[in-house]
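Build me a structure from this.
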Amino acid sequence: MDPIGSSCFNLRIEEDARAQLEEEERKNEQLAEIICSVRSLTKYEGKSLKIIYPQIVAALIAASYHIAVGIGFAYSAILIPNLNMMNSTDPDHIMATKTESSWVASAMVIVAPIGGISAGFIMDSIGRLNTIKLALFPSIIGWTLIALAWNVPMLIVGRVLTGIATTWGSSPATVYITEIARADVRGSLISLAPAFASLGMMLTFLKGWFFSWRIVAWTCLVYCVAPIILIQFFIPESPPWLVSKDRIDEASKGLKWLHRNQPHPEQRKETMDELQLSLLKKERQIKLEAANRNGNGAGAKFREFLKPSGYKPMIILFGLFFFQQFSGIYITLFYSVSFLEETHSSINPYLASILICTVRFIMSCINTYMLKNFHRRPLIMVSGLGMCLCMLFSGLFTQWIINNTFDQTWTPTALLILYVITSMIGLLPIPWTMTAELFPIEIRGVAHSIAYSANNFIMFASIQSYYTLSDLFGGIVGVQWFFAVVSILAGVYVFIFLPETHGKKLSEITDYFLNSGAFYILSKPTNKTASMKKGTSRVPRKDIVKRPQEDKLLNDV
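Predicted coordinates for the structure are as follows:
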């Protein structure tokens, strides 16, 4: 559910799709021709900023709802300290127990699987942008309930509704950008979503520094309504979705808008939008024929899960998700202000939270480069070791500060920032990307949904357990040391069980699970060898070499 962490999965969609191409071509040569013909369109595409300006505008407007997503994530951090305030003079003050506070923090997460699955069905039924518009209703009701709340149940219901709105607004936006953006700018435009989410988090802590939590809740309505107004009046629905619903005229208008600055292709009678429309129609026809011919039922998918290539990666991911969540990555976000106050740091907890959100965003950008150029296993192991050391020393310094034997009270905040940096290296983003890499193509969509839902349930459990962990380990010092232990165990777990996926074809990853045992460190060396050298393209050679028939479908227009 994390808009920054999970964005790393979205930023790798194009690269993973290339890795799947060999498998897709073997199964459907017609689809391969479609892909090749789409690539051939790039020779007609201009490279100036003016040409892609409509796509940038559309992506900015669609992604702008992520400001509200970021606010929803960070809001519990400014709300809970007020609920736990003992001597408040506010006549409308709400007192909450630790158990109630944990439900306020985690309620938004527990509905993420339901919201995510329903968003998939809704956006396929009514459209990408209409689903974002639909998110307006639970968000308005949710934030209004929070702003007017006179008891804890109202706050929890409000958080549940904003959680549903978050998934309905974020998933369709990412899908929309993927469908309307040109290939060479798609990754950059998708990254707008986590950028807006980070902005929302920073705005939450900034406003929470100066205003009451009720005023902050009211201002959130602006960030929910404004994107919907912009979507309604300024950008078209996704042309690929419109074509899939046989709404050709609307798709044609949308493509004309998106390509209105594109010069007329040389040596072609058709405009760029007409070429795109033709290919979308052909692709739809081929997919319909393939679906009628191959029709994969639930029974076939279930049998795939019974194979080692189905259940082994699922079990490994469940363990990895456990270590990810209980290492404190999300607990320190949802309880940021309270957590920093308990460390007795001299830095204002709201200012520190703003700094942490800024670091999260910067590291998410760097992380995209690291995922492309470095192996997964070392990244997670280094991440776990770094997080362990940060939390170990933060707990030690916190104990000394509490005992008045150490006067450098800024150190816990500095170490928490370092902890966030090291978490963004591996343990936060990589488990999300693994859902796209470990499973065979036959069940990848279903398996990703199951794994995504499981991770959100574990996230709910970790956020819900914060006060329990605090009581169990004797306060904030013990909690930090618990996070340190879990972080280093994550590195050990990865060293023993998790296979390397960087630089490997997806078919090779599937073969590893089919032919190897449970322990990666005991597997045959051949399974550990990357199939390709660094810098080698994953695109099959026959698609790099110009093929005589590459314009076949274009010439049929």
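
where do the strands sit along this protein?
Counting by DSSP state E, the chain yields no residue ranges for strands.

and the longest helix along it, which residues are buried?
Secondary structure of the chain per DSSP state H: the longest helix is helix 152-180. For helix 152-180, burial by neighbour count (16 or more other CB atoms under 10 Å) applies to 152, 155-178, 180. In this view, the C-beta of every residue, glycine as well, is placed from N, C-alpha and C.

cool, stretch 488-508 as well?
In stretch 488-508, counting by 16+ other CB under 10 Å, buried: 488-491, 493-494, 497-508.

quick one: average pLDDT of that stretch?
Averaged across stretch 488-508, the pLDDT comes to 86.

Report the separation between the two terminal residues of that stretch.
29 Å (CA to CA, to the nearest Å).

which regions of the stretch 51-200 of the chain sit below the pLDDT cut-off?
The model of the stretch 51-200 of the chain has pLDDT under 70 over residues 88-90, 187.

buried set for stretch 366-385?
Applying a neighbour-count criterion of 16+ other CB under 10 Å, one finds 367-368, 370-371, 376-385 buried in stretch 366-385.

which residues are contacting that stretch?
For stretch 366-385, the external contacting residues (CB atoms under 8 Å, 6 or more residues apart in numbering) are 8, 11-12, 15, 187, 191, 323, 327, 422-430, 433-434, 487-492, 494-495, 498, 500-503, 534.

Quickly list the domain ranges of the protein.
48-271, 304-532 (automatic domain parsing).

Could I get the buried residues of stretch 366-385 in CSV, plus columns for distance to residue 254 and pLDDT?
Output for these, formatted as CSV (distance: CB to CB, whole Å; pLDDT from 0 to 100):
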residue, distance to residue 254, pLDDT
367, 33, 74
368, 29, 67
370, 36, 80
371, 32, 73
376, 38, 86
377, 43, 91
378, 44, 93
379, 40, 92
380, 41, 93
381, 46, 94
382, 45, 95
383, 42, 95
384, 46, 95
385, 49, 96
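
ok, which pair from those is furthest apart?
Across these, no pair lies farther apart than 368 and 385, at 22.0 Å, counting by CB to CB.

Please convert the domains of the chain to CSV, extending it with distance to residue 280.
Converted to CSV, the domains of the chain look like this (distance: least, CB to CB, whole Å):
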stretch, distance to residue 280
domain 48-271, 4
domain 304-532, 21
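
can you give me the helices in the stretch 301-450 of the chain?
Along the stretch 301-450 of the chain, the stretches classed as helices by DSSP state H, counting those that start in this stretch are 308-326, 331-334, 336-342, 349-373, 376-402, 411-425, 430-434, 444-464.

mind putting the ones you listed in CSV, distance to residue 260 included?
Formatted as CSV, these follow (distance: least, CB to CB, whole Å):
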stretch, distance to residue 260
helix 308-326, 44
helix 331-334, 41
helix 336-342, 44
helix 349-373, 30
helix 376-402, 42
helix 411-425, 38
helix 430-434, 35
helix 444-464, 34
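
wait, which of the ones you listed is closest to residue 116?
helix 444-464 (6.4 Å).

and that closest one, average pLDDT?
So the average pLDDT for helix 444-464 ends up being 82.

Quick check: residue 489 touching residue 322?
No: in this structure, residue 489 is not within contact of residue 322 by CB atoms under 8 Å, at 9.7 Å.

what residues are up against the residue nearest to residue 448 when sequence neighbours are not counted?
Leaving aside its sequence neighbours, residue 448 sits nearest to residue 435 (CB to CB, 6 or more residues apart in numbering; 4.5 Å). By CB under 8 Å, 6+ apart, the residues touching residue 435 are 9, 317, 447, 448, 451, 452.

Okay, residue 435 and residue 166: tell me how far apart.
19 Å (CB to CB, to the nearest Å).

Also residue 127?
From residue 127 to residue 166 the distance is 19 Å (CB to CB).

Just the CA trace of stretch 401-409, in PDB.
This file holds the C-alpha atoms of stretch 401-409, laid out as PDB (Å, rounded to 0.1, in the frame of the first residue of the first chain):
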ATOM      1  CA  ILE A 401      19.300  10.500  27.300                       C
ATOM      2  CA  ILE A 402      16.500   9.200  29.600                       C
ATOM      3  CA  ASN A 403      19.100   8.500  32.300                       C
ATOM      4  CA  ASN A 404      20.600  12.000  31.900                       C
ATOM      5  CA  THR A 405      24.000  10.600  31.100                       C
ATOM      6  CA  PHE A 406      24.100  11.900  27.500                       C
ATOM      7  CA  ASP A 407      23.400  15.400  26.300                       C
ATOM      8  CA  GLN A 408      23.500  15.000  22.500                       C
ATOM      9  CA  THR A 409      19.700  14.800  22.300                       C
END
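
and that stretch, which residues are buried?
Neighbour-count burial for stretch 401-409 flags 401, 409 (criterion: 16+ other CB under 10 Å).

residues contacting the nearest residue to residue 476 once chain neighbours are set aside?
When the adjacent residues along the chain are set aside, residue 476 lies closest to residue 342, with 4.0 Å between them (CB to CB, 6+ apart). By CB under 8 Å, 6+ apart, the residues touching residue 342 are 398, 475, 476.

Once you drop chain neighbours, what's closest to residue 173?
Using CB to CB, 6+ apart, the closest residue to residue 173 is residue 62 (4.6 Å).

do residue 280 as well
Leaving aside its sequence neighbours, residue 280 sits nearest to residue 243 (CB to CB, 6+ apart; 4.3 Å).

How many neighbouring residues does that neighbour have?
23 (other CB atoms under 10 Å).

I'd assumed residue 281 was in contact with it.
Yes: with contact defined as CB under 8 Å, residue 243 counts as touching residue 281 (6.0 Å).

now the stretch 201-350 of the chain, which segments are flagged as low pLDDT?
Along the stretch 201-350 of the chain, segments meeting pLDDT under 70 span 263-270, 272-273, 287, 289-298, 300-301.

Please repeat the previous calculation with a cut-off of 50.
For the stretch 201-350 of the chain, no stretch has pLDDT under 50.

gap between residue 198 and residue 355?
As judged by CB to CB, residue 198 and residue 355 stand 12 Å apart.

How about residue 254?
From residue 254 across to residue 355, the span is 41 Å (CB to CB).

So for the two, which sits in the more crowded spot?
Shown here are residue 254 and residue 355; by other CB under 10 Å, residue 254 has more neighbours (25 against 18).

Name all residues that make contact with the more buried one.
Neighbouring residues of residue 254 by CB under 8 Å, 6+ apart: 236, 237, 238, 239, 242.

Save those as CSV, and put in distance to residue 338 too.
Output for the contacts of residue 254, formatted as CSV (distance: CB to CB, whole Å):
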residue, distance to residue 338
236, 44
237, 43
238, 41
239, 47
242, 47
